[in-house]
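Enquirer: quick check, what structure comes out for this input:
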Amino acid sequence: MTDGVLSYARTVDRALTHRAAVSECFLTDALRTGERTFRVAAQPPRAHLYYSDHVTDARTAPSYDPLLVLEIFRQSCILASHEYLAAPADSSFVFDLGVLEVTDPEALCVGEGPAAVTVEGEFTEVRERAGRPCGATAEVRASVDGRAAATMRLAYRWIPRRSMLHLRTRARAALARTPHRAHPLVNRLAPEQVGRELSANVVLGRVTVSSTSEVVAQVVVDRGHPALFDHYVDHIPGAVMFEALRQTATAAARELCGLDVAPQHLALTGCEVAFRKFGEFELPTDCRARVAEGADGRPVLDLVLEQEGDVLATARVTLAVRERALSERGGCGGRDVMVPGPRPRLLTAA
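Expert: Next comes the predicted model:
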């Protein structure tokens with residue numbers, strides 16, 4: 001940063017964003033703009049193994065994944081907490097709440113060159129322990145090449161790594177983790193059933209619809225995934241949970257809301273998640289979805305992530321039909337029209 005101008009020339013120190021791979025660090029600069037405000041620069045990748053792996057066709061333009069924007073928000077808050085709230089370098093961050101809204105899906109269109117993302121952030125609450133900051137609530141908003149795109153509220157805390165290890169060791173010792181009962185990777189859905197090209201990016205196994213109008217999806221956890229598991233963790237990471245929520249909501253929207261559209265034509269526009277408990281690798285993880293009360297036919301789903309009855313997270317996901325047609329110049333544009341598509345039956349009755 002020079003004279004208050006954000007730079008996009010290189011990434012920040014990856015340690016400030018808790019990434020192991022430089023390629024998974026998307027921030028390029030940051031500055032403090034007030035006592036509790038900050039600004040961050042980011043450059044999202046136009047081609048990425050995970051974030052760019054979405055089926056596109058002649059009627060839809062490639063867009064930056066809303067969960068990529070969420071990751072930029074997450075990295076921004078971690079960096080700002082280290083730099084401006086003096087969070088110790090050896091801290092483990094625990095996220096309790098995330099409320100994402102894509103305010104302008106068109107702003108996420110992938111252009112002809114790299115995008116310049118600017119994040120404006122404010123710590124609306126800072127929590128302290130023994131007179132030192134130990135957690136925060138942050139309100140952040142992102143613009144892409146100057147166009148407002150998304151907002152998010154995040155509530156989180158940081159814990160000394162040694163204390164975190166002690167807490168996790170004690171919690172895991174109290175669980176019956178043997179025999180290993182996680183859903184097997186071999187049961188993944190076909191990628192096109194959730195709008196993906198690569199099976200590696202599918203996090204759902206068997207999916208059923210019950211007689212009570214509820215979709216239940218088995219969540220499969222591939223610890224070898226280079227993006228979802230950028231570094232070692234002893235629990236199911238939030239990135240896997242967000243993707244499981246999105247893929248389950250996509251299945252539920254088509255099955256429970258009667259949307260006769262291909263999966264790739266459903267885009268996430270809102271996601272509110274409250275995390276309650278760490279997910280364990282040895283236990284089976286399931287995601288349940290119902291149409292939200294008052295949805296009035298819109299694809300708004302209430303979801304629960306659980307392991308053998310224990311709730312890991314609750315969420316509300318809002319989807320929208322990707323109704324943008326490719327403009328004549330090949331970018332994002334066109335008027336809103338319903339886009340029909342093939343609708344393979346992916347669920348089995350239960």
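Enquirer: quickly list the domain ranges of this structure.
Expert: 1-169, 175-350 (automatic domain parsing).
Enquirer: phi first, then psi, for residue 238.
Expert: Dihedral pair for residue 238: phi -60, psi -30, per degrees, to the nearest 10.
Enquirer: so it is in contact with residue 278, correct?
Expert: No: Residue 238 sits out of contact with residue 278 when judged by Cβ atoms under 8 Å, with a separation of 10.3 Å. All C-beta spots, glycine's among them, are computed from the backbone N, C-alpha and C.
Enquirer: which one of these two has more residues nearby?
Expert: residue 238 (21 against 17; other Cβ atoms under 10 Å).
Enquirer: quick one, what contacts the more buried one?
Expert: 74, 95, 98, 275 (Cβ atoms under 8 Å, 6 or more residues apart in numbering).
Enquirer: now the last one: closest residue in space that isn't a chain neighbour?
Expert: Okay, so that is residue 275. Closest residue to residue 275 apart from its sequence neighbours, by Cβ to Cβ, 6 or more residues apart in numbering: residue 313 at 4.8 Å.
Enquirer: separation between the one you found and residue 88?
Expert: Per Cβ to Cβ, to the nearest Å, residue 313 is found 27 Å from residue 88.
Enquirer: low pLDDT regions in the stretch 51-200 of the chain?
Expert: Residue ranges of the stretch 51-200 of the chain with pLDDT under 70: none are present.
Enquirer: quick one, strands of it?
Expert: Remark: strands assigned in the stretch 51-200 of the chain by DSSP state E, counting those that start in this stretch are 91-102, 117-129, 132-144, 147-160.
Enquirer: follow-up on the earlier one: need the contacts of residue 238 in CSV (columns: neighbour count).
Expert: As requested, these are arranged in CSV below (neighbours: other Cβ atoms under 10 Å):
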residue, neighbour count
74, 22
95, 16
98, 23
275, 21
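Enquirer: tell me which of residue 313 and residue 88 has more neighbours.
Expert: Comparing residue 313 with residue 88 by other Cβ under 10 Å, the one with more neighbours is residue 313, at 23 against 11.
Enquirer: which ones are touching the more buried one?
Expert: 241, 245, 273, 274, 275, 276, 277, 304, 305.
Enquirer: in a helix, the second one, correct?
Expert: Translated: residue 245. Yes: looking at residue 245 with DSSP: H, G, I helix; E, B strand; the rest coil, it is inside a helix.
Enquirer: can you get me a residue count around it?
Expert: For residue 245, using other Cβ under 10 Å, the count is 28.
Enquirer: give me the distance between it and residue 251.
Expert: 11 Å.
Enquirer: just the buried members of the contacts of residue 313?
Expert: 241, 245, 273, 275, 304, 305 (16 or more other Cβ atoms under 10 Å).
Enquirer: can I assume the first one sits in a helix?
Expert: Yes: counting by three-state DSSP, residue 241 is found in a helix.
Enquirer: verify the stated contact: it with residue 273.
Expert: Yes: shown here, residue 241 and residue 273 form a contact pair, counting by Cβ under 8 Å, at 7.4 Å.
Enquirer: follow-up on the earlier one: now tabulate the strands of the stretch 51-200 of the chain in a markdown table and tack on distance to residue 319.
Expert: Compiled in a markdown table, these are given as follows (distance: least, Cβ to Cβ, whole Å):
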| stretch | distance to residue 319 |
| --- | --- |
| strand 91-102 | 11 |
| strand 117-129 | 23 |
| strand 132-144 | 20 |
| strand 147-160 | 15 |
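Enquirer: of those, which is nearest residue 296?
Expert: Nearest to residue 296 among these is strand 91-102; the distance by Cβ to Cβ comes to 18.8 Å.
Enquirer: that closest one vs strand 132-144, what angle?
Expert: Using axes from the mean of the first three to the mean of the last three Cα atoms, to 10 degrees, the inter-axis angle of strand 91-102 relative to strand 132-144 is 30 degrees.
Enquirer: the helices in this structure, which residues?
Expert: 66-84, 161-173, 238-256 (DSSP state H).
Enquirer: packing partners of the second one?
Expert: Translated: helix 161-173. On a contact count with 3 or more Cβ pairs under 8 Å, 6 or more residues apart in numbering; DSSP states H and E, helix 161-173 meets strand 91-102.
Enquirer: show me what the strand it packs on is packed up against.
Expert: Against strand 91-102 (3+ Cβ pairs under 8 Å, 6+ apart) you get helix 66-84, strand 147-160, helix 161-173, strand 266-275.
Enquirer: so what touches that strand?
Expert: 18, 66, 69-70, 73-74, 78, 81-82, 87, 108, 137, 149-161, 164, 238, 267-275.
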